[in-house]
Structure formats: C-alpha cells, structure tokens
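Q: Pasting a predicted model and its sequence here:
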Amino acid sequence: MDNSKKTVNVRQDFAILATQMNQQPLIYLDNAATTQKPQQVIEAIMAYYNTANANVHRGTYTLANNATNQYEQARTTVAKFIQATAEEIIFTRSTTESLNWIAKSYESKLQTGDEIVLTVAEHHSNIVPWQQLAQKTGAVLRFIKLDQTGKVSLTDAQQKITNKTKIVTFAYVSNVLGMRAPILELIKLAHAKNAITVIDGAQAMAHFPIDVMQLDIDFLAFSGHKMYGPTGIGVLYGKKALLEDMEPLQFGGEMIDEVTQDTATWQKIPWKFEAGTPNIAGAIGLAAAIDYLKKIGWQKIISHEQALMQATFKNLKTIPNLIIYGSQVPEDHYGVISFNLADLHPHDIATGLDLAGIAIRAGQHCAQPLMDYLHVLATLRISTSIYNQSSEVRKVAKILKELEAFFKS
Amino acid sequence: MTLLKLEQLYKQVVLEHAQNPHNQGQLVMPTAQIRLKNPTCGDVIELQVMIENKIITNIKFTGHGCTISQASASMLTNTVKGLEIKTAQKVITNFLAKISGQVITQADNQQLKDAAVLSSIAQFPTRIKCATLAWHGLAEILENEGK
C-alpha cells in the first residue's frame, strides 16, 4: 500500500525513524503514548530560542515583543485548529493538567447529590480528578457502560444522564480501544439536562479535525506531544462565558491586573489562568505541529491511517489465537488497536517485539477500570500514526507468530 | 537472532517455573503476608509466610503476571524456605545485586538456587521490576519481622 495514492510518505521528516533499537530498524508503534516529532517542529523550537527568546508580556524592548507575538500567534493557530477564538485557549502542561484544572475549579460549584457522568473507558487522568472532586463536594460518579462491540452505549447514557447530572466527561477516542465516542449525541444529552461537557481529546487530535463550535463542546483538553508537538505543552479550551466564570487556580506574575499589598485583580481570559512564565517554546512547537498537520492535510492523514488500520487488521487476523478488543471493524479504530495473543502475558510478548526493534505498549494503559470491565489483566496495544507503513505491521505479525511458537514450545 | 536473545532471558528453567510454579497457593495460618502490584502491567503477587523462631518455615504465593514475575516468585519460595530471617535477608540482597549486574561469590550464587539464572535479566532493564517484585515484598515482610 505504500506506493498507492491513499498513503503519504513523511518518514524523511522524522530523523528518529532512521535509528535502530536493539540493532534492528526502529518500528515505532506506541504513538498513543507519544508521537515522534518532525524536523519542522524541532526547527521551530530551535529558531525561537536562537532568534526570539525573551519573556512574554513583560519587556518593552523589541525582542520581548517578538517573543510575545510568537506566543500569542501560537494561541491563534491552536484556536483556528479547533474553530475557537484565541481568548478561549489556555496553555497548560498537558491533557492531565487541563482536566485537573476544570475538576478543581468545579469544587465551588458542585454540592452533595450532584452527579458526574463518565464512561468506563476513561484514562486514569479523566477518572481520578473527578473522584477527587466527588470526594470534596459529596457528588457521585456514574459510569456509562460500553455495548458488546466496545462502543459507548447511548441507551445507558440516557439512563445515567439525569437532572442530577452537572458534568458529563469522556474521551473522544479511547486510548485502549481506539474507538470514537458518540460525541454529538452525548453532548446533546448533557446539554438537555444543563450539564457541562468536558472532552478528553488527547487521542483524537492527531487523527481527524475537531470543531468545538459545531460539536458545542464546553471544555476540551488535549496535549501537544500526542499530535507531533513537544512534551510539556497542553491546551484547555473552554467556552468564553465558562472560562470567565472560573477562578484562577494559580497566582503570580502575568495573570494579574493590579496588585496592592493586600489585594489583586486578574487579567482577562486567557491570561488570568497563565500564572508565571509559560512554556513559550512549547506553544510555538505545538503551533508548528498544527501547521505540519495542515500542510499534509486531513484528507491524506485520514486515508493513510485508515489504509494502515486495514492492513493492521488484515495482518493480525492471520494469527488464529489473537483476540482484538472492541470493534472488529478497522474503520472503527482511530490509530489504536488492543489485543492479546493466546494466554501469553503481554509483557513477555512486548519483550520479544522489543528485541526485534518493535516498540509497542503492553500493560493496562492507565485504564485499570476498563481492564476490569473487559475482564483482562492487561493487553498489547499497537498505535499508529502518519509515518507508519503496512510493511511495519506485517513484520509485527510475523514476529508475533514466532513468539507464540517460542512460548508454546 | 531475536529468538536467540529471547532464549537468554527465558531459559528452560524459567519457563518451567512459570508453567509449574512451586509453592503456589495459600497458607492456613500465615504469620505475615503482603500484596504486591506492578501498576504499569497489572501484575499482582500475594506472598504469605510462616515465621517461627525467626525461621521461614513455610512460604506460598498466589497471583498473576508475566512469565518472569511468576517464575521469580516460584524461585524465591524455593530459595528461602527453611532459612533464618537474617540469612534470607542476605540472600535477597545478593539476588538484587546479581540481577542488577554485580558479581557475587560462588557460595552466594549457589545459595540462590534456581533464581541464579535470572541474572540474565541484567541485560533486559525493562524487566527487572518483574523479576524483583516478590523479592522486594519478602524483604519488606522480613524487615518488619526483624523490628
């Protein structure tokens, strides 16, 4: 498939793909954990440090103004990427930090008996902050089930989202099953009960476009490093009115308007949330990653990844004792596929793959409640991206067969 | 080539211990027990010991996990059963030294019994946690007993 029109070849942009792991060509298939970074992103960060480094929103000199402009330009790039306005984009450290901020800021808004609805397929980072919020406010967590195929059950969602519901939160794409939640329907159900919606976009952003206006998302959290950007930069999108209604969570420089010995007033959004010197290079790197995705184009990204997922399914299906979790339809998987091989432990298999130069994830994927729900102890997970090729998944299948024979003999 | 390297880690004796673990099960009246978890992979080992007059008179384990963690727990029980607390502590220290790549004496090596073969893990740093889970657990129990 590598030469067909359906696929893109961007491998030359990623220097790391030409390296070796355990004396074998690196096959990197842990993109749901973090993607590799293209030269364009690395160069943008380097160029910033080499030519424009200064603190933002402070200096009166031209260099500081350049840094501020680049940082705010990055915010605009992010805003356009999801059809928001720049003031609705807060730079954070990560998806996790974004989700924690929202959960923390709702401590003063929830009370005993209120309900927070999530799904059983959440990553720990979209469970634990809500557990903390529930413990502090007396609110109750309710979990929407999955149906037989691993899809979030709308029938169950209708039962769980009630007049008591104040927050509905879920991953747009599951980091274990790779399946998309029925976002439009869930948001409609939430809004019909006047609940706010918090979307964990970590696994979605690199795979298809997201329009927060069209989907009517209240809050969206995502990370730069899972979409070809650097680590240490994340985004919290919130509707303007909701952000204005939120109190800052950190205090210090940059976020203040006026300070006396005893009091202070805050800047407007988004700056009232960004205390201290922000991750300027990270924001610029993230904007470069967005430009990179735009340059390739969603159509090509989507068709490449779909062709790759089909190839992954086709190759894995040649192994009789291999079980794929969730949907058995390749088109339902957005870059992620979890599976187990016979009764072999995922860590043993992952070590064998590692020796063959193949990086895939084995374990619980920060989703212990989902593992319990699926009645598995752990799984193997392949997660793909725009630089992976069908020849790589073919090699994975070949090695898996060898490993099964090795451990069964 | 891959399989050759794999054989260094998964030696026959390791596979045998994993497939037919020794001392698997529960004690009726343990004097101490501990539940261990490796949160990244979900491996769980529950270790139960019977200590009488400062001697480990019995030890059993239950749990689930990868080949290495199960084999290692099985080997541990074989190695320390019947030992005095102090001797067992010394054996654990030697084991941890050996699998982190340090050289230990011939006599210390013999005392490790089957567990000595796990030293090949030193070349597989991502799996050291699997091999040491049960050993760290017993070390914790013995430290409390010694107090």
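A: Everything's here; your move. Since this is a predicted model, take the numbers as computed values, not measurements. Numbering: from 1, shown residues only, chains lettered A, B, ... in the order given.
Q: could you give the mean pLDDT of stretch A:355-375?
A: For stretch A:355-375, the mean per-residue pLDDT is 92.
Q: try stretch A:320-332
A: Mean predicted confidence for stretch A:320-332 is 97.
Q: From start to finish, how long is it in a straight line?
A: Distance across stretch A:320-332, first residue to last, is 21 Å (C-alpha to C-alpha, to the nearest Å).
Q: Off-centre distance for that stretch?
A: 22 Å (C-alpha atoms, centre = their mean, to the nearest Å).
Q: And stretch A:8-25, what's buried?
A: Judged by neighbour count using 16 or more other C-beta atoms under 10 Å in any protein chain shown, the buried positions of stretch A:8-25 are A:8, A:10-11, A:13-14, A:17, A:21, A:24. Every residue, glycine included, has its C-beta placed from N, CA and C.
Q: Filtering those residues by proximity to chain B, which remain?
A: residue A:24 (C-beta under 8 Å from any C-beta of the partner chain).
Q: which one of the buried residues of stretch A:8-25 is nearest chain B?
A: residue A:24 (7.8 Å; C-beta to the nearest C-beta).
Q: so what's the backbone phi/psi at the closest one?
A: Phi and psi for residue A:24, reported as degrees, to the nearest 10, are phi -120, psi 150.
Q: So it sits against residue A:356, correct?
A: Yes: if you go by C-beta atoms under 8 Å, residue A:24 and residue A:356 touch, sitting 5.6 Å apart.
Q: Quick check: the residue nearest to residue A:364 when sequence neighbours are not counted vs residue A:346, distance?
A: Using C-beta to C-beta, 6 or more residues apart in numbering or on different chains and skipping the chain neighbours, the partner closest in space to residue A:364 is residue B:42 (4.6 Å). Residue B:42 sits at a distance of 9 Å from residue A:346 (criterion: C-beta to C-beta, to the nearest Å).
Q: hey, what's in contact with both of residue A:24 and residue A:356?
A: Residues touching both residue A:24 and residue A:356 by C-beta atoms under 8 Å, 6 or more residues apart in numbering or on different chains: residue B:2.
Q: Which helix or which strand is home to the residue lying farthest from the centre of chain A?
A: In chain A, the greatest distance from the average C-alpha position (C-alpha atoms, centre = their mean) is reached by residue A:261, at 41.2 Å. For residue A:261, there is no helix or strand it lies in under DSSP states H and E.
Q: try residue A:7
A: Judged by DSSP H and E, residue A:7 forms part of no helix or strand.
Q: before we move on, what about residue B:3?
A: With DSSP H and E as criterion, residue B:3 is part of helix B:2-9.
Q: Next, the residues that contact that helix from outside, please.
A: A:22, A:24, A:351-352, A:355-356, A:399, A:402-403, A:406, B:68, B:120-121, B:123-124, B:127.
Q: quick check: mean pLDDT across the helix or strand following that helix?
A: Per DSSP H and E, the first helix or strand lying C-terminal to helix B:2-9 is helix B:12-19. Helix B:12-19 carries an average pLDDT of 92.
Q: Tell me the helix or strand right after helix B:12-19.
A: Later in the chain than helix B:12-19, the nearest helix or strand by DSSP H and E is strand B:32-38.
Q: For the very next helix or strand once past that next one, which helices and strands make contact with it?
A: Of the helices and strands lying after strand B:32-38 in sequence (DSSP H and E), the nearest is strand B:43-52. Helices and strands touching strand B:43-52, by 3 or more C-beta pairs under 8 Å, 6 or more residues apart in numbering or on different chains; DSSP states H and E, are strand B:32-38, strand B:55-64, helix B:67-80, helix B:128-146.
Q: of all those, which lies closest to chain A?
A: helix B:67-80 (4.9 Å).
Q: what about that closest one, average pLDDT?
A: pLDDT averaged over helix B:67-80 gives 96.
Q: is chain A contacted by that helix?
A: Yes: residues of helix B:67-80 contacting chain A under C-beta under 8 Å from any C-beta: B:67-68.
Q: any idea of the angle that helix forms with strand B:43-52?
A: 10 degrees (axes from the mean of the first three to the mean of the last three C-alpha atoms, to 10 degrees).
Q: helices and strands around helix B:67-80, which ones?
A: Packing partners of helix B:67-80 (3+ C-beta pairs under 8 Å, 6+ apart): helix A:346-355, helix B:12-19, strand B:43-52, strand B:55-64, helix B:85-99, helix B:128-146.
Q: Of these, flag the one that's most buried.
A: Neighbour counts (mean count of other C-beta atoms under 10 Å in any protein chain shown) averaged over each of the helices and strands packed on helix B:67-80 peak at helix A:346-355, with a mean of 24.
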